[in-house]
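Chemist: Sequence and computational prediction follow.
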Amino acid sequence: MNTSAAPVSVIIPAWNAAQTIARAVASALDQPEVGEVAVVDDASTDLTAIAAGTADDGTGRLRIIRSDRNRGPAAARNTGIAATTAPFVAILDSDDFLLPHRFGPLLAQPGWDAIADNLVFVDESRVAGFDPAAVRAFAGGVAPLSLAGFVLGNISARGRPRAELGFAKPVLRRAFLEAHALGYDETLRLGEDYALYARILARGGVFLTSRQCGYVAVERAASLSGQHRTGDLAALAESDRRLLAEPGLDPAGRSAIERHLAHVTAKAQHRAFLDVRRTRGIIPAVKAALRQPAQVPALVEAITRDKLPARAPAPVAEVRYLFA
C-alpha cells in the first residue's frame, strides 16, 4: 500500500451487521484516500463476514478479521487499529456510511491530531430514499474543540434528540495515539469514543471540527448506544474518575469532567434503583438507595422525570446534523 497516496485506515467494527455492512464497506473503498479497510467481526452469529466480502472491489484493500468471542466495540476498534498501518485512522460504524470525497478536505487541514466533520443523522426508515446531494452545505471553516467544550457536549438532555459530541467520528493521527499509548478503553461498552477523545484532548491533542458533512449516521430504535445498563454506566463513571487523574488538566476541563461524572453517576444510581425494584421490590430498592445519601437528590429527580407524562414522539425528521 502506498500510504502517501492513500493514508487512511478505515476500521469497521461489526456485530450481527449482515444487513448493512456491505454498504459501509463500499462507501469506505470508494474513498481515494483510503488505503486499508479493516472489518472486525466481533463474533457475529449472522453472515456479517460474508456480507462484508461481497463489497470487496478487488483492490486488495479490504481485510476481514473474525473474533472467536464477543469482546465489545472498544476491543474491536483496537484490533482494527493494530491490524493496520496507515498514518490516519477513521472509525466507521457498520450501519453507517461515508459520503463521497469525505477525507480530502479533512486531510488538507494542517496542524491537528484529531479532526471531525459534521454528521448527518438519517432514520433507518429513510435510508433507502436518502440523497447525498441534498445534504446541507454549511458555511465556515474549521474550529478547535477544547476539553471542556467536548466533555460538556456529552451531557445529554431529556426530551432532545441525542447529539452528544461523542457521536463524532474524527480522523485520528496514528502517531499521536502511539506517542501517548492511547487506545479505546476495553472496560467500556458505552462511551468508548467519548473516553478516547477526552484523553486525546487531556494529553494536549489538537482537535478540530468542521461543519461540512462527510459521515452518515443511521439512527435505529434498537441502537446499542441508546441502551444504558447499570454496569456500563458504572464503568463509564470509573473512566471519568481515571480521566480526572490525568496530570495538567486545566480548571475548565476538570470542572467539565466533574459535571459529566455527576451526570453519569446519577444515571447509574437510577438504573441500579430500577434493577433492585424490578427484582426485589420497592422497599429493598429504597433501602439500597439510602445507603448512598449523597446520591438521593439526583435519584429523586430522575424518578420524578420518569413519572412525568411522556411527550408525544416527534415526527421522524428527514435529516438532522451533529453540528447544526
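Modeler: On my side now, so go ahead.
Chemist: how is this structure carved up into domains?
Modeler: 1-95, 230-307 (automatic domain parsing).
Chemist: Return the member of those having the minimum mean pLDDT.
Modeler: Mean pLDDT values for these show the minimum at domain 230-307, a mean of 82.
Chemist: how many other residues sit next to the nearest residue to Gly214 once chain neighbours are set aside?
Modeler: Leaving out its chain neighbours, the residue that sits closest to Gly214 by Cβ to Cβ, 6 or more residues apart in numbering is Arg102, at 3.4 Å. (C-beta placed from N, C-alpha, C; glycine too.) Residues contacting Arg102 under the criterion other Cβ atoms under 10 Å number 28.
Chemist: now do Arg199
Modeler: 20.
Chemist: Equivalent analysis for the one 3 residues further on, please.
Modeler: Neighbouring residues of Ala202 were enumerated by other Cβ under 10 Å; the total is 24.
Chemist: Reduced to three states, what does the nearest residue to it once chain neighbours are set aside come out as?
Modeler: Counting by Cβ to Cβ, 6+ apart, Ala202 lies nearest to Glu246, which is 4.4 Å off, once chain neighbours are set aside. Recorded secondary structure, Glu246: coil (DSSP: H, G, I helix; E, B strand; the rest coil).
Chemist: for Glu246, what are its contacts?
Modeler: Glu246 is in contact with 199, 202-203, counting by Cβ atoms under 8 Å, 6 or more residues apart in numbering.
Chemist: Closest one of the residues you listed to Asp93?
Modeler: If you rank these by distance to Asp93 using Cβ to Cβ, Arg199 comes first, at 20.4 Å.
Chemist: so the closest one touches Ala181, yeah?
Modeler: No - Arg199 is not in contact with Ala181 according to Cβ atoms under 8 Å; the separation is 10.1 Å.
Chemist: ok, back up a step: quick check, nearest of the contacts of Glu246 to Ala237?
Modeler: For the contacts of Glu246, the nearest to Ala237 is Arg199 (15.7 Å; Cβ to Cβ).
Chemist: helices or strands next to the helix or strand that that closest one is a member of in the packing?
Modeler: Arg199 belongs to helix 192-202 when elements are defined using DSSP states H and E. Secondary-structure packing of helix 192-202 (3 or more Cβ pairs under 8 Å, 6 or more residues apart in numbering; DSSP states H and E): helix 73-82, helix 147-152, strand 207-219, helix 230-244, helix 251-280.
Chemist: tilt between the first one and helix 192-202?
Modeler: Here helix 73-82 runs at 60 degrees with respect to helix 192-202, directions being taken by axes from the mean of the first three to the mean of the last three Cα atoms, to 10 degrees.
Chemist: Same check on the third one?
Modeler: Orientation check (the same axes, to 10 degrees): strand 207-219 against helix 192-202 gives 180 degrees.
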